[in-house]
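>>> A predicted structure for the sequence below; I have some questions about it.
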Amino acid sequence: MTLTPKSRLIIALDVTDRTEALSIAEKLGGAVDAIKVNYPLVLVCGLGIIKDIKKYANVIADFKVADIPNTNSLICRETFEAGADAIICQGFVGKDSVKACVDVANKYGREVYVVTEMSHPGALDFLQPHAFELVDLAFRAGASGIIAPATRPERLVDIRCRAGDMKILSPGVGAQGGDARKAIDAGADFVIVGRSIYNAEDPYAAAVNFIEQLRR
Ligand code: XMP
């Protein structure tokens with residue numbers, strides 16, 4: 001699949017209980033553009049959880065793959081065999097490592113998204129000064145898109161200018177302080193929201209609320 005903006009909302013399903021994860025996926029799958037899984041859920045449930053979630057939505061594996069090219073290829077192969085539609089990798093390991101992910105993704109008809117500047121304060125230590133280079137690297141390696149911070153919309157504007165046609169997925173909305181609408185207005189194609197949805201009393205209502213904000 002190719003991630004296409006409809007609701008523009010991606011839920012980060014970082015719960016660590018299989019039943020809860022599948023219940024949220026079933027309720028929200030039809031409303032969101034994708035469900036992002038990360039280590040907290042996969043370490044508890046195993047990689048097989050990807051196939052279970054795929055019944056309800058596209059799945060992005062946020063494994064922040066960051067190894068030598070051969071190991072990256074093996075990780076991507078297993079992740080795509082498990083059914084993931086896209087994988088997130090780190091760019092700071094270099095173009096050959098990112099290219100290794102893209103080559104495997106192309107074989108499976110799937111997508112790779114590259115982390116640039118992260119959404120948390122620690123991203124200022126090392127990543128921010130190199131964010132534009134990471135955007136360029138993602139483009140040169142043939143990635144489908146990048147990850148950039150909703151917590152810094154002013155940075156999103158600059159990163160958007162640099163990213164050309166690449167898609168931008170933007171985490172940091174809600175619990176980390178970012179605003180969904182501002183992130184889209186600054187140039188993101190999708191926002192990624194975790195705690196503000198899955199910790200809400202009514203996750204479906206919380207997701208619908210975000211979708212309304214994104215529609216305006
Ligand atoms: P919350 O609960 O903060 O969850 O809405 C955010 C989700 O996104 C992940 N995350 C990131 N992933 N680059 C990434 O590739 C980032 O800058 C970034 N910031 C947050 C986080 O692990 C969680 O799954």
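Here it is on my side, so go on.
>>> switch to C-alpha atoms for all contacts and neighbour counts from now on
Noted.
>>> ok, now which ones touch the residue in the chain that the ligand sits nearest to?
Nearest residue of the chain to the ligand, counting by C-alpha to the nearest ligand atom: Met118, 2.9 Å away. The neighbourhood of Met118, defined by C-alpha atoms under 8 Å, 6 or more residues apart in numbering, consists of Leu127, Gln128, Ile147, Ala148, Pro149.
>>> For it, what are phi and psi?
phi -80, psi 170 (degrees, to the nearest 10).
>>> just the one 4 residues further on next, same as before
Its backbone dihedrals place Gly122 at phi -60, psi -10, with angles given as degrees, to the nearest 10.
>>> Next one: it from Gln176, what distance?
13 Å (C-alpha to C-alpha, to the nearest Å).
>>> Now do the helices in this structure.
18-28, 39-45, 49-54, 69-81, 95-108, 131-141, 153-163, 180-185, 195-198, 203-215 (DSSP state H).
>>> Kindly state which of the ones you listed is positioned closest to Leu9.
For the helices of the chain, proximity to Leu9 was assessed by C-alpha to C-alpha; helix 203-215 is nearest, at 6.6 Å.
>>> what about that closest one and the ligand, touching?
No - Helix 203-215 stays clear of the ligand (C-alpha under 6 Å from any ligand atom), getting no nearer than 11.9 Å.
>>> Pull the residues that contact that helix.
7-9, 24, 27-28, 31-32, 180-181, 184, 196-197, 200.
>>> can we see that at 6 Å?
With C-alpha atoms under 6 Å, 6 or more residues apart in numbering as the test, helix 203-215 has contacts from Ser7, Arg181, Ile197.
>>> Redo the contacts of Met118 as TSV? Include distance to Val104, pLDDT and neighbour count.
Output for the contacts of Met118, formatted as TSV (distance: C-alpha to C-alpha, whole Å; pLDDT from 0 to 100; neighbours: other C-alpha atoms under 10 Å):
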residue	distance to Val104	pLDDT	neighbour count
Leu127	26	97	18
Gln128	28	97	18
Ile147	19	98	27
Ala148	23	98	29
Pro149	26	98	28
